[in-house]
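sharing a model prediction with you, sequence too.
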Amino acid sequence: MFISNAYAASSSTLGAPGGDLMSFLPIVAIFALFYFMLIRPQMKAAKVQKSMIDALKVGDEVATAGGVIGKVTKVGDNYVSIEIAANTVINVQRHTVQTMLPPGTIKSI
């Protein structure tokens, strides 16, 4: 004969019972690390950013995502008016406000 017979493996050579669960455990551990190191801190930062944007009021000194620094003169539902120089006011979308600066920052620049 040219082809040898194939026999089933004996039970002693098969994996131990519950081996499937143990091979699934590293995936669960990686997901847990991914959640605690990436997802959770990002959600916390987004929550802080949203609360800062909701707390905007006239007179706050802010910096936008584009790098524009100015004082808030008007706050609307979707837009904020920012005075960047004397008699120069720009309107930006509310979500582009990136940082609230301490009072007096603009005068010190």
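Ah, there it is.

CA atoms for contacts and neighbours, from now on please.
Noted.

please name the nearest non-neighbouring residue to Met100.
Excluding the flanking residues, the one nearest Met100 by Cα to Cα, 6 or more residues apart in numbering is Val62, at 4.4 Å.

my bad, Lys57
Once flanking residues are discounted, Lys57 sits nearest to Val75: 6.5 Å by Cα to Cα, 6+ apart.

where does the residue nearest to Met100 fall, secondary structure wise?
Per DSSP states H and E, Val62 falls inside strand 61-64.

partners of the helix or strand just after that strand, with directions?
Proceeding N to C from strand 61-64, the next assigned helix or strand is strand 69-75, under DSSP H and E. Using DSSP bridges, the strands paired with strand 69-75 are strand 61-64 (antiparallel), strand 79-85 (antiparallel).

pull the helix or strand with minimum mean pLDDT from the chain.
Taking mean pLDDT, DSSP states H and E as the measure, the helix or strand of the chain with the lowest value is helix 19-34, at a mean of 88.

pull the CA atoms of it into CSV?
What follows is helix 19-34 as a C-alpha-only set of coordinates in CSV (Å, rounded to 0.1, in the frame of the first residue of the first chain):
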residue,chain,number,x,y,z
GLY,A,19,-8.4,24.2,28.1
ASP,A,20,-10.6,26.3,26.0
LEU,A,21,-11.3,28.7,28.9
MET,A,22,-7.6,29.0,29.7
SER,A,23,-6.8,29.9,26.1
PHE,A,24,-9.5,32.6,26.2
LEU,A,25,-8.2,34.2,29.4
PRO,A,26,-5.3,36.2,27.7
ILE,A,27,-7.8,37.8,25.3
VAL,A,28,-10.0,38.9,28.3
ALA,A,29,-6.9,40.2,30.1
ILE,A,30,-5.8,42.2,27.1
PHE,A,31,-9.3,43.7,26.7
ALA,A,32,-9.3,44.7,30.5
LEU,A,33,-5.9,46.4,30.1
PHE,A,34,-7.1,48.2,26.9
